[in-house]
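> heads up, no residue letters with this:
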């Protein structure tokens with residue numbers, strides 16, 4: 001495996017690092033939090049102008065025509081700054097499946113607006129008590145189109161999105177994915193507070209009327225396969241975000257422990273502190289390597305399910321250790337909500353809980369090994 005980035009991928013990584021480093025500063029994020037702004041509009045506009053939002057969108061639809069890895073590298077920088085930009089839901093959960101499965105009319109209708117930053121989009125996958133590919137939301141034939149009814153209780157960027165990708169159960173029990181106008185009749189979006197401070201949305205669909213052309217694709221791909229396709233790429237992208245958050249956390253810890261003096265010595269020289277720093281460095285390298293491996297295999301069109309499970313285990317298990325160690329070595333400063341580390345801690349915890357616990361991923365890998 002060659003993880004060397006192409007010139008275009010490296011340029012995307014460097015651009016996002018520069019843009020978010022300039023825009024999503026600690027002072028800026030503190031202001032957004034105080035003003036209850038969900039999205040850093042300045043950073044989002046800058047990313048759109050630089051072509052980052054359309055990195056994986058085909059050139060004929062206003063994008064750069066790059067692969068999955070370019071967007072994954074951008075998301076690593078989002079994690080490294082804890083920037084409140086909806087890049088994951090818009091680029092990975094919405095634009096990529098439209099580009100992969102959508103009809104030419106669907107691509108032309110939505111991808112240019114996503115690429116230029118004027119349209120935020122997301123996929124409403126989660127429902128209580130079931131898995132995304134077996135939704136309880138229903139789609140009933142109604143005239144020339146469909147009627148959608150159901151609830152999606154936790155939708156990332158759901159309050160800002162203009163377009164929702166909604167998996168729903170058809171009359172025959174199969175799954176289909178629909179492109180739904182988030183501002184349309186019958187769509188209600190309620191604010192849901194979460195631990196990161198960036199709210200999600202509870203999306204309630206009541207008699208939402210959509211045309212036959214709202215079904216994603218031409219029917220040649222099963223909706224359950226589309227949902228699994230989205231899940232795999234979303235999970236790998238979250239691991240990339242965890243890699244960025246973990247590295248930023250240990251860099252903060254390293255800088256602090258070199259400056260903090262105790263008994264006339266920098267606390268970084270104490271064995272207990274240096275051991276925890278060393279363990280955190282190893283964990284962060286493992287998170288990064290496995291996330292890159294998963295993203296690279298997806299980008300190359302190779303089977304990536306096992307690689308994503310491995311990356312999820314490292315991101316969830318080691319990510320927890322890294323941010324906790326960073327908080328611990330900071331002492332009282334580590335629990336200051338006005339200190340940048342607090343944002344990384346909240347982001348890492350949300351990613352960890354969303355990805356699932358380590359035992360689940362080990363069980364998935366065990367079943368895969370037993371079946372091979």
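Yep, that arrived. From a predicted model like this one, the values you see are computed outputs, not experimental measurements. Residues are numbered from 1 along each chain as shown.
> For the stretch 251-372 of the chain, which segments count as helices?
Counting by DSSP state H, counting those that start in this stretch, residue ranges of the helices within the stretch 251-372 of the chain are 271-299, 305-313, 319-330, 341-355, 358-371.
> how big is the angle separating the longest one from helix 319-330?
Using axes from the mean of the first three to the mean of the last three CA atoms, to 10 degrees, the inter-axis angle of helix 271-299 relative to helix 319-330 is 150 degrees.
> Could you name the helices and strands sitting against helix 271-299?
helix 68-81, helix 223-259, helix 305-313, helix 319-330 (3 or more CB pairs under 8 Å, 6 or more residues apart in numbering; DSSP states H and E). Every residue, glycine included, has its C-beta placed from N, CA and C.
> quick one on the thing from earlier: any idea which of the helices of the stretch 251-372 of the chain scores lowest on pLDDT?
Mean pLDDT is lowest for helix 358-371 among the helices of the stretch 251-372 of the chain, at a mean of 82.
> Helix 305-313 and that one, what's the angle between them?
Using the same axes, to 10 degrees, helix 358-371 lies at 160 degrees relative to helix 305-313.
> name the element residue 191 belongs to?
Assigned by DSSP states H and E, residue 191 belongs to strand 187-192.
> Now do that strand: distance to the chain's middle.
Relative to its chain's centre, strand 187-192 lies at 20 Å (CA atoms, centre = their mean, to the nearest Å).
> Neighbouring strands - and their directions - for that strand?
strand 200-211 (antiparallel) (DSSP bridges).
> ok, and for the strand it pairs with, which residues are buried?
The neighbour-count check on strand 200-211 (16 or more other CB atoms under 10 Å) flags 200, 201, 202, 203, 204, 205, 208, 210 as buried.
> contacting residues around the fourth one?
By CB atoms under 8 Å, 6 or more residues apart in numbering, residue 203 lies in contact with 124, 151, 152, 155, 158, 164, 182, 187, 188, 189.
> try it again with 7 Å
By CB atoms under 7 Å, 6 or more residues apart in numbering, residue 203 lies in contact with 124, 152, 155, 158, 164, 187, 189.
> and what of the second one?
Going by CB under 7 Å, 6+ apart, residue 201 touches 155, 158, 159, 189, 190, 191, 192.
> Let me know the closest of those residues to residue 147.
Nearest to residue 147 among those is residue 189, at 18.8 Å by CB to CB.
> mind checking how far the closest one is from residue 203?
Distance, residue 189 to residue 203, by CB to CB, to the nearest Å: 6 Å.
> between the two, what contacts are shared?
Common neighbours of residue 189 and residue 203 (criterion: CB under 7 Å, 6+ apart): residue 158.
> Ignoring the adjacent residues along the chain, who's closest to residue 24?
For residue 24, ignoring the flanking residues on the chain, the nearest one in space by CB to CB, 6 or more residues apart in numbering is residue 83 at 3.8 Å.
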